[in-house]
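K.L.:
Build the 3D model from these lines:
(one chain, ligands or ions: 1)
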Amino acid sequence: MHRGLSFLSGVAFVALIALICGLLFNSLYQLRALGEQLNIVVEHHNRKIDLITQTQVAAHIRADSLYRMVLADDPFERDPHFLEFNRAAFLVGQGRNALRALGLTPAEQRDFDAQTQLVSHIQAVQEHVVDLLYDGHRTQAREALARDAIPLQEAFNAQLADMRNAYQRANLAAQRAAQQTYRQAYLLTVIFGAAAITLALLIAWHTIRKISQKSRQLRDQMAALEQSRAALREEATHDALTGLANRRLFYDRLQQAIRHSLRYGGKVGILYVDMDRFKDINDQHGHHIGDAVLMEVAQRLRECVRESDSVARLGGDEFVVLLEGVQDRQDCLAAALKIEQSLARTTRFGDLHLEIDASIGQALYPDDGDDEDALIRAADAAMYRVKSGCESERQCSLPFQ
Ligand SMILES: Nc1nc2c(ncn2[C@@H]2O[C@H](COP(=O)(O)OP(=O)(O)OP(=O)(O)O)[C@@H](O)[C@H]2O)c(=O)[nH]1
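P.N.:
Residues are numbered from 1 along each chain as shown. Prediction:
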């Protein structure tokens, strides 16, 4: 569940980053497209400027041809100029038509219409000059040229120059504004994009840190729980002072040993060890020395038996030993003897020298009982017989062999 959530969060985070990157790239792409569109508009303006220039040149050629016609003395000399005059008129018309075809704003359209009137007027004046020439009124033609045609032509030229300058200025202003907008938008997109990605990464880092902190805490808590569970298990099954198995665990093990013996044969031996005059040790040397003696006895009992055997403390100064896989009482007696000898060793606690004695009673499964309680009772009874007179369990039990 937790892993599933982490996976989902990871996928959501990657999707978020991808989304931010997508938005970022889309903005940059749109900006680039905007720049390209602006270039197209500028090119459009440049095309208009070219057409205006073309019209201006054609108008100039037409005016020049007329001028040359007026200056020519021989009427035949006028013909090539007349041809040029007409061709230029065609070019002026063509240029203006192309300009209109590119599309005009309402303001441009108004200027264009005013210019159309001026062009008609110029054409009428120029044709009047030509008529005067071909009618042989050269002087009047010159006067009409100087008085009417040339000023009108200059006005036309000025108008075209104004148009061209206006387009150039508009181009320049648009380019500057676009460049500034582009730079600002680009900068803001990059800054916001980088900020969004950084923020997302920070959030992810913070979340991952929190999750790992929580999981570490959880692991620690689990470990502590497991430790306290183990301590509780230990407490429930072992004696706190000596660390030996307690009565409950001993009964459990005895039961297991009896079952094993039932199934596979063999016998189970029990030694009941009760210390002699232990109360005196407590009374004379204090409870702490009594505790130390109990721990020492536990240690020696452990050393006397095999790994597979069990030693337990039933309470007070009473211990039991479970001997598995024994053949007969002789094996139990051998173990009891070993324990007696081990306990008989002088025990030292600093300057204190103590003699430890114990009475040991034994019982054998199945000979002395067929369950745990019967066996413990039998061993306890045997121990009491020893304590109350026999020198040792060996002597007491010998008659039963
Ligand atoms: N120091 C210490 N003493 C304990 C502990 N448990 C029981 N005792 C003492 O062990 C003594 C046992 O006394 P008894 O049952 O009379 O045994 P005993 O003095 O050995 O007498 P006999 O068995 O007849 O020789 C009592 O004084 C208990 O208070 C313990 O954990 N530590």
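K.L.:
model confidence over whatever helix or strand residue 359 lives in, on average?
P.N.:
Residue 359 is located in strand 358-365, with elements delineated by DSSP states H and E. Here the mean pLDDT over strand 358-365 is 95, rounded to a whole number.
K.L.:
In terms of secondary structure, what does that strand contact?
P.N.:
For strand 358-365, the elements it packs on are helix 247-264, strand 267-275, helix 329-344, helix 372-387, helix 393-397, judged by 3 or more CB pairs under 8 Å, 6 or more residues apart in numbering; DSSP states H and E. Yep, even glycine has a C-beta here, placed from its N, CA and C like the rest.
K.L.:
Residues in contact with it: which ones?
P.N.:
By CB atoms under 8 Å, 6 or more residues apart in numbering, the residues outside strand 358-365 that reach it are 257-258, 261, 267-276, 297, 326, 328-329, 332-333, 336, 339-340, 343, 369, 375-376, 378-387, 392-393, 396-397.
K.L.:
Drop anything exposed from these.
P.N.:
Neighbour counting over these (16 or more other CB atoms under 10 Å) leaves 257-258, 261, 267-275, 297, 326, 329, 332-333, 336, 339-340, 343, 369, 375-376, 378-380, 382-383, 385-387, 393, 396-397 as the buried ones.
K.L.:
mind checking the SS state of the residue in the stretch 101-250 of the chain positioned nearest to the ligand?
P.N.:
Among residues of the stretch 101-250 of the chain, the one nearest the ligand by CB to the nearest ligand atom turns out to be residue 241. It sits 5.4 Å away. At residue 241, secondary structure determined by DSSP: H, G, I helix; E, B strand; the rest coil is coil.
K.L.:
got a list of what it touches?
P.N.:
Taking CB under 8 Å, 6+ apart as the contact definition, residue 241 lies against 291, 294-295, 313.
K.L.:
In helices, which of those residues fall?
P.N.:
For the contacts of residue 241, membership in helices holds for 291, 294-295, with DSSP state H as the criterion.
K.L.:
out of those, who's near the ligand?
P.N.:
Restricting the ones in helices among the contacts of residue 241 to those within reach of the ligand (CB under 6 Å from any ligand atom) leaves 291, 294.
K.L.:
Looking at the ones in helices among the contacts of residue 241, which is nearest the ligand?
P.N.:
For the ligand, the closest of the ones in helices among the contacts of residue 241 turns out to be residue 291, at 4.6 Å, with distances computed as CB to the nearest ligand atom.
K.L.:
Near the closest one, how many other residues are there?
P.N.:
Residues within reach of residue 291, counting by other CB atoms under 10 Å, total 13.
K.L.:
Residue 81 now?
P.N.:
Around residue 81 there are 18 other residues, counting by other CB under 10 Å.
K.L.:
helices and strands around the strand or helix carrying residue 321, which ones?
P.N.:
Under the criterion DSSP H and E, the helix or strand holding residue 321 is strand 318-326. If contacts are counted by 3+ CB pairs under 8 Å, 6+ apart, strand 318-326 sits against helix 247-264, strand 267-275, helix 287-304, strand 310-315, helix 329-344.
K.L.:
With mean pLDDT as added columns, please give those in JSON lines.
P.N.:
Formatted as JSON lines, these follow (pLDDT from 0 to 100):
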{"stretch": "helix 247-264", "mean pLDDT": "94"}
{"stretch": "strand 267-275", "mean pLDDT": "96"}
{"stretch": "helix 287-304", "mean pLDDT": "95"}
{"stretch": "strand 310-315", "mean pLDDT": "96"}
{"stretch": "helix 329-344", "mean pLDDT": "93"}
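K.L.:
what subset of the contacts of strand 358-365 is also close to the ligand?
P.N.:
Taking CB under 6 Å from any ligand atom as the test, the ligand is in contact with 274-276 out of the contacts of strand 358-365.
K.L.:
Closest one of those to the ligand?
P.N.:
residue 276 (4.1 Å).
K.L.:
For the nearest residue to the closest one once chain neighbours are set aside, give me its contacts.
P.N.:
Taking CB to CB, 6 or more residues apart in numbering, and ignoring the residues beside it in sequence, residue 276 has residue 357 as its nearest neighbour in space, at 4.1 Å. Listed by CB under 8 Å, 6+ apart, the contact set of residue 357 reads 275-277, 343-344.
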